[in-house]
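Chemist: Sequence and predicted structure below; questions after.
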Amino acid sequence: MKRGVVGLGDSFMWGEGLYFYSKYKNLPFKSKHNYDSTEMRTSFLQFKNKHRYITKVGDFLDTWSLTHEANGGDNVTSLQERFNDEFIKSGKLLYDDIGLIIYQFTGPERAGIPIETQFNILLENIKIWESYNIKYYFLSWLDIYQHHPLYQKYFIDKHIWIIDENGNKLFGWDELVNTPNSKLSIHSDFSHLGYQVGDIHLNIKGHTIVSNSIIERLKKDNFKL
């Protein structure tokens, strides 16, 4: 039995904006970054699913991968509503079906509760994952967690560092995207045309850099499903 890969996170994990590279008709370009779920066609969703980093990790491991159906999320809803409720409690997934979880941290202010509480909720879920022999790793698009004492204590050993094209290791990809001329965001590809100004979501190349960073860590750890 080959178990699958589950990604938990926010709009970066979901793959927001990747459909802009599909060249399909009636793409939902805006002058400034804005997302409207009613503008999503099935073809848009399927295209972005193919190119997001969690899919590339599943492909590397020769298994299936998925994340929550809805876009966005915070450090708590990605666990409680988007995973436990949407998949586990509904019976759509069993813990036994899952071999690897990639948990991506987002801005802590989104959850509306102290960051320490958010960490504790995650740690309680990790206990369950470990009881089913589910392996897990962590990502972050922001570097604000890097020096937090609780992150250092509980999460840093399983943290996946982002490796840029020059071999530099970064805690998250926010610094990578905001480096001048990095050309790894949707803003960098379309803002000069008057579209998606301020859209810092990763483009296809950015997702590939993240997936390659994950895969390199899995290789280093000799990870097998």
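Modeler: Cool, the structure landed. Numbering: from 1, shown residues only.
Chemist: contacting residues around the helix or strand harbouring Q104?
Modeler: If you go by DSSP states H and E, Q104 is part of strand 98-105. With Cβ atoms under 8 Å, 6 or more residues apart in numbering as the test, strand 98-105 has contacts from 2-10, 12-13, 54, 57, 61, 63, 75, 78-79, 122, 129, 132, 134-142, 145, 160, 214, 223, 225. For every residue, glycine as well, the C-beta is placed using N, CA and C.
Chemist: For that strand, which strands pair with it and how are they oriented?
Modeler: Sheet pairing of strand 98-105 (DSSP bridges) gives strand 4-8 (parallel), strand 135-140 (parallel).
Chemist: Centre of the chain to the first one, how far?
Modeler: Distance of strand 4-8 from its chain centroid, counting by Cα atoms, centre = their mean, to the nearest Å, is 10 Å.
Chemist: Which SSE is immediately downstream of it?
Modeler: Scanning forward in sequence from strand 4-8 by DSSP H and E, the next helix or strand is helix 11-14.
Chemist: just checking, next helix/strand downstream of that next one?
Modeler: Helix 11-14 is succeeded, C-terminally, by helix 42-51 (DSSP H and E).
Chemist: what angle separates the following helix or strand past that following helix from strand 98-105?
Modeler: Proceeding N to C from helix 42-51, the next assigned helix or strand is helix 53-60, under DSSP H and E. Helix 53-60 and strand 98-105 meet at an angle of 150 degrees, taking axes from the mean of the first three to the mean of the last three Cα atoms, to 10 degrees as the criterion.
Chemist: Which neighbouring elements make contact with the helix or strand following the strand holding Q104?
Modeler: Of the helices and strands lying after strand 98-105 in sequence (DSSP H and E), the nearest is helix 115-131. Secondary-structure packing of helix 115-131 (3 or more Cβ pairs under 8 Å, 6 or more residues apart in numbering; DSSP states H and E): helix 77-79, strand 98-105, helix 149-154.
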